[in-house]
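*Asks:* okay, predicted coordinates and the sequence, questions at the end:
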Amino acid sequence: MTKSELVNRLADLNPHLTQRDIERIVSTIFDEITAALARGDRVELRGFGAFSVKRRDARTGRNPRTGESVQVDEKFIPFFKTGKQLRERLNAE
């Protein structure tokens, strides 16, 4: 589901809100999650999951085209762990 599909779905479920308001709400939520992760905070949405930041150490990689060794810098990546309720709903039979 894309962001625009999410906005359209929420608009269908909440006819009392304008599409512009829903877009602003969705963008604000995503912006706040992004800002919290940039600060190094963890974002937990009960029943859905938790977003956190993981650190990857610097390493020596390999250029697949040339086979040449390349130094890869340390980096931080977003990580999502599903919540128990979401896992149960996905695996329900």
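*Replies:* That came in fine, so what should we check first? Numbering: from 1, shown residues only.
*Asks:* show me which helix runs longest in the protein.
*Replies:* Ranked by number of residues, the top helix in the chain under DSSP state H is helix 19-38.
*Asks:* now it: average pLDDT?
*Replies:* The average pLDDT for helix 19-38 rounds to 96.
*Asks:* what's that helix in contact with?
*Replies:* 3, 6-8, 10-11, 14, 42-43, 51-53, 78 (C-beta atoms under 8 Å, 6 or more residues apart in numbering). In short, each C-beta sits where N, CA and C put it, glycine included.
*Asks:* CSV for those residues, including neighbour count and distance to Val70?
*Replies:* Below are those laid out as CSV (neighbours: other C-beta atoms under 10 Å; distance: C-beta to C-beta, whole Å):
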residue, neighbour count, distance to Val70
Lys3, 11, 34
Leu6, 14, 38
Val7, 18, 40
Asn8, 14, 43
Leu10, 16, 44
Ala11, 16, 46
Asn14, 12, 49
Arg42, 12, 32
Val43, 18, 33
Phe51, 18, 29
Ser52, 16, 28
Val53, 16, 24
Pro78, 13, 23
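*Asks:* those residues in helices, which ones?
*Replies:* Of the contacts of helix 19-38, the ones assigned to helices by DSSP H are Lys3, Leu6, Val7, Asn8, Leu10, Ala11.
*Asks:* tell me the one of these nearest Asp73?
*Replies:* Lys3 (29.7 Å; C-beta to C-beta).
*Asks:* now do the same contact list for the closest one.
*Replies:* Val26, Phe30.
*Asks:* switch the cut-off to 7 Å
*Replies:* Lys3 makes contacts with Val26, as judged by C-beta atoms under 7 Å, 6 or more residues apart in numbering.
*Asks:* no more questions from me, cheers.
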